[in-house]
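[1] I would like the atomic coordinates for the input below:
(chains A and B, ligands or ions: 2)
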Amino acid sequence: MMPDRKSSLSSTLFDVVVIGAGVVGCAMARRFTLEGARVALVEKACDILDGASKANSAILHTGFDAPVGSIELDCIRKGAEEYRQIHQDMRLPLDAAGAYVVAWNDVEVARLDTLLEQAHRNGISNATLVGQTVLRDNEPHLSDRALAAISVPGEALIDPWSAPYAYLKQALQNGAEVFLKCEVTGGGFAGGEWQLETSRGVLNCRQVINCAGLYGDYVDQAVLGLSDFLITPRKGQFLIFDKAAASLLQAIILPVPTARTKGVVVCRTIFGNLLVGPTADEQQSRDEASTDTASLEGLMQAAIRIIPTLADMPITATYAGLRPATEQKEYRIIPRPDSNWITVGGIRSTGLSAALGIAQHVFAQYRDWGAAHEPLPDPRVPQANILAEQSARAWREGGQGDMICHCELVREAEIRQALTGPLAARSLAGLKRQTRVTMGRCQGFYCSARLTELTDGHFDIPLAKDIKHD
Amino acid sequence: MTDQIDVAIIGSGPSSLSAAIELKALGIARVVVLERDPEAGGIPRHCGHPPFGIREFKRVLTGPQYARKLVATARLVGVEIRTSTTVVEARPDGKLLLATKDGVAEIAPRRVIYATGVRETPRSCRFITGPRPLGVVNTGALQSTVYLQDRTPFERPVIIGTELVSFSAIMTCRHAGIKPVAMIEANEGVTARWPTGLFPRIVGVPLHLGTRLSAILGNRSVTGVEVVDRAGNHRVINCDGVILSGQFTPEVALARCGHLAVDAATKGPVVDQYGRCSDPCYFATGNVLRPVETAGWSWNEGRQTARWVAADLAGDLAPVGAEIEVVAADPVIRYVVPQRLSLAAGSAGMKHLQLRVTRRAKGTLVAMCGDQTLWKMPLNARPERRILVPVGKFTAAGKPVKIELKFIAE
Ligand SMILES: Cc1cc2nc3c(=O)[nH]c(=O)nc-3n(C[C@H](O)[C@H](O)[C@H](O)COP(=O)(O)OP(=O)(O)OC[C@H]3O[C@@H](n4cnc5c(N)ncnc54)[C@H](O)[C@@H]3O)c2cc1C
Ligand SMILES: Cc1cc2nc3c(=O)[nH]c(=O)nc-3n(C[C@H](O)[C@H](O)[C@H](O)COP(=O)(O)OP(=O)(O)OC[C@H]3O[C@@H](n4cnc5c(N)ncnc54)[C@H](O)[C@@H]3O)c2cc1C
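    Ligands and ions are numbered 1, 2, ... in the order given. Now for the predicted structure:
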């Protein structure tokens, strides 16, 4: 089959097309580019990170509680390790908060031993059991109902958006291409080549990696005509408390996990807030990440049970995210050598930590099939956006223009910057993820008006229209 | 030292500017107003409607006219106004970290006045069900978009709430050709004082009392709201935006993230009858003290606070010592301000304590000290209306006690 020139999106025959710009797709595009492949990333939304990756707890997990011997564990360990290797060069933040897995009743206390054993078997040798006194000394604001805990010093906090942006930026700076607002709808495989049909035209490539997250099964269905799993989104809602609350905790407070969920976490965020969540509820919709009053009130109760002084702290934000859960806990990484296709699905609740490791894992698979590329000898290393509270933020510098967002201290120059380049924000959600604008305590009360002016002409759905006076 | 700042005021709304003008009139040499926006004037800058200025200038002005007049007066009497200057940290003993277009700088004025005002609470604090589409805004964001940018975020919004500011929202909509499809109030009556209750009907906005917002609908943009009436019936009102009006909260991030005591009830800084905060270098005035009063009221507070600050600089204000603590100890009583009353003799401070109730309340307000009843007074109040109790009723206790305010229904 010859590609139809007219509807072709690019004349390049790519080595690899990655479907989906979630954190997994971004890490995938980076790994394959660094290994010397010609990569295209296609994403149906107008901004990247618009699916499962738009909302998570932003913890860089160690894998202490991951199933022993699982691919998930392997990817988390490799991913976290690579993150630690690259974070300084790419200016990515890492808050080595450490975690306590806290037991709140005798049943949970009894389970700590098994959990500790699992942590040790998973290679987390510095995990230890700590008693009530140590816990209280280190976390004086924690409720006295906390009985004992496992300390996991390796659990850390990262920036959930700047990291994947930086991965993709590195891919782009080293030759990859990205096609946004480009939905993969079908395709055909013949003679070792794929013709992928997208809403913007046909793309040709040798290898496809399906990283479509919440739509992973749909994409397999649409293009391959089969899917080995069904995604049932599992929603997680969150409460974000005011920055003043961040000083109430040092470590990440994790509950003793159950089979279904990691449970409600309380931790600081890299942006200097305090996060409580997520809940876990299955739903059918793959797009609607809505919050509901009852769940938010439930989280509020949970928050106060864990840290009583939170009762007097104002809420900054509420949001929800969708986990791409399947019938199994394990990742659904499915190599299909006969059709040059790898499905990377069901990256449920650890994808932020594991993304770089998943990319390594998938590349190793691809190499085993005989693909040969020369790794880039001297790849360019981009600098991530500096949004972490403790970093040298732009508001401290001169020459960055007006302060636009007063709560998150975002300058005009940062906003203008995020509105340019190949990953220019095309929606308020995209702009938020790149700058944090409107994500603070006033949620746009003070800055929305200036934003309508600065973003005029940039967004698919404009924030405001000119008034017609008669 | 000639470059020593005597008083720095954070914010440049009506309370700040009246305090600054009064401080100059009282002979304070160097008074600096710090405003994070590019223009001074505070909230009235985007309230494009009357009435402002009656108390201050004996004239009826629009918000922007009023703000400009206050700014001009302040400049005329020698107040330094620094715009595009954000106070990012307020530290012990009055040291302030400023972020300006040129970078960061520190100042160490002798006294600081917090005059950072109030804002409306966003959607997040209200735990509203639904996805998070564009087009859900507070009145303040709508006003600044309409009056400062000549733009509008929607054409047919629903207005939530019936406080005074909700009616400002209607006026803002009218100015911009926006046609609100409904105004929704959970209570059985309009919150704002009569006869504004007639206003929405006059301008053709259907008013739904006893109706609660239960969800916002629409994934990318608002497509409607779901409401519940008294009988528990749910229905959908189609609209393309939501105005979350009122439910004010002090803009007190600096104090909360810093070292000042913040009151859980007002959500503003804890003050004594001189507006003095827990660090006596800091004073607070205007709406940051409590949600919410009018511009005129805030202006008047600013003027008075200036006198106490001037007295303090002159060494005439008694240092913090024995204090009476006043606590709202009943769910009906929403807050009380000031929360502390200094017992040391000194210049006269606020004449009244300000109270508000959480719901319609008819009965008796009781002041208790332990088991002992100090005094009682009849109370007939509605939410969002000011209640004033003379300071003397509390200071009569004469010693540093904790006075709890309770309510007995009729
Ligand atoms: C509540 C919650 C808390 C979490 N906490 C953590 C945590 O603390 N630490 C951690 O490591 N992980 C955490 N996670 C997990 C992590 O967020 C996910 O594992 C990860 O985001 C999955 O990313 P993804 O790239 O696989 O999927 P997605 O982010 O969904 O990316 C898929 C992309 O594909 C696009 N797409 C779909 N169909 C098509 C098509 N046909 N054509 C083109 N593009 C398409 C989508 O638009 C989307 O952008 C959490 C998740 C949730 C929901
Ligand atoms: C949306 C809205 C509409 C209103 N409409 C009316 C009305 O129609 N009529 C009426 O009488 N009252 C109205 N009010 C009440 C209003 O609060 C008062 O009119 C009056 O503006 C209060 O004055 P203020 O000086 O206390 O604070 P504000 O006028 O709120 O001024 C506070 C100033 O402090 C600045 N600031 C805050 N933090 C910092 C910082 N860290 N560094 C530097 N600067 C800072 C802000 O930018 C702002 O300019 C309204 C309030 C709101 C929120």
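[2] can we go C-alpha only for contacts and neighbour counts from here?
    OK.
[3] For B:V222, give its distance to B:G130.
    The spacing between B:V222 and B:G130, counted by C-alpha to C-alpha, to the nearest Å, is 10 Å.
[4] Need the residues touching each of the two.
    Contact criterion C-alpha atoms under 8 Å, 6 or more residues apart in numbering or on different chains; residues shared by B:V222 and B:G130: B:I216.
[5] Spell out which parts of the stretch 51-200 of chain B neighbour chain A.
    With C-alpha under 8 Å from any C-alpha of the partner chain as the criterion, the stretch 51-200 of chain B meets chain A at residues B:84, B:86, B:99-104, B:119-122, B:124-125, B:127-132, B:134-135, B:137-138, B:140-142, B:144-146, B:148-154, B:176-177.
[6] Just the ones in helices from those residues, please.
    B:140-142, B:149, B:176 (DSSP state H).
[7] residues in contact with B:G349?
    With contact taken as C-alpha under 8 Å, 6+ apart, B:G349 is in contact with B:273-274, B:308.
[8] Report whether it is found in a helix, as I expect.
    No - with DSSP: H, G, I helix; E, B strand; the rest coil as the criterion, B:G349 is coil rather than part of a helix.
[9] For B:D312, see how far away it is.
    For B:G349, the distance to B:D312 (C-alpha to C-alpha) stands at 12 Å.
[10] cool, B:S298 as well?
    From B:S298 across to B:D312, the span is 21 Å (C-alpha to C-alpha).
[11] Tell me the residues of the stretch 201-350 of chain B that contact chain A?
    Counting by C-alpha under 8 Å from any C-alpha, the stretch 201-350 of chain B comes close to chain A at B:219, B:253, B:256-257, B:264.
[12] ok, now with 6 Å
    B:256-257, B:264 (C-alpha under 6 Å from any C-alpha of the partner chain).
[13] Filter those residues down to the buried ones.
    Among those, the ones that count as buried by 16 or more other C-alpha atoms under 10 Å in any protein chain shown are B:256-257.
[14] From the residues of the stretch 201-350 of chain B next to chain A, pick the one nearest ligand 1.
    Here the nearest of these to ligand 1, counting by C-alpha to the nearest ligand atom, is B:C257; it sits at 25.6 Å.
[15] what kind of secondary structure is the closest residue to that closest one other than its chain neighbours in?
    Nearest non-adjacent residue to B:C257, counting by C-alpha to C-alpha, 6 or more residues apart in numbering or on different chains: A:A244, 4.6 Å away. Put simply, A:A244 is helix when judged by three-state DSSP.
[16] Quick check, A:A244 in contact with B:A255.
    No - look at A:A244 against B:A255 with C-alpha atoms under 6 Å: they stay out of range, at 9.2 Å.
[17] For chain B, which segments count as helices?
    Along chain B, counting by DSSP H, helices occupy B:14-25, B:54-57, B:63-76, B:139-143, B:149, B:164-176, B:199-202, B:253-257, B:295-313, B:392-395.
[18] Of these, which shows the lowest average pLDDT?
    Lowest mean pLDDT of the helices of chain B: helix B:199-202, a mean of 71.
[19] now it, how far from the chain's geometric center?
    Centroid displacement of helix B:199-202 relative to its chain, using C-alpha atoms, centre = their mean, to the nearest Å, is 26 Å.
[20] do the same with stretch A:214-230
    Computed by C-alpha atoms, centre = their mean, the chain-centroid distance of stretch A:214-230 equals 22 Å.
[21] coming back round to it: take the helices of chain B and write them to JSON lines, including distance to ligand 2.
    What follows is the helices of chain B, written out as JSON lines (distance: least, C-alpha to the nearest ligand atom, whole Å):
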{"stretch": "helix B:14-25", "distance to ligand 2": "4"}
{"stretch": "helix B:54-57", "distance to ligand 2": "10"}
{"stretch": "helix B:63-76", "distance to ligand 2": "7"}
{"stretch": "helix B:139-143", "distance to ligand 2": "4"}
{"stretch": "helix B:149", "distance to ligand 2": "16"}
{"stretch": "helix B:164-176", "distance to ligand 2": "5"}
{"stretch": "helix B:199-202", "distance to ligand 2": "15"}
{"stretch": "helix B:253-257", "distance to ligand 2": "6"}
{"stretch": "helix B:295-313", "distance to ligand 2": "3"}
{"stretch": "helix B:392-395", "distance to ligand 2": "26"}
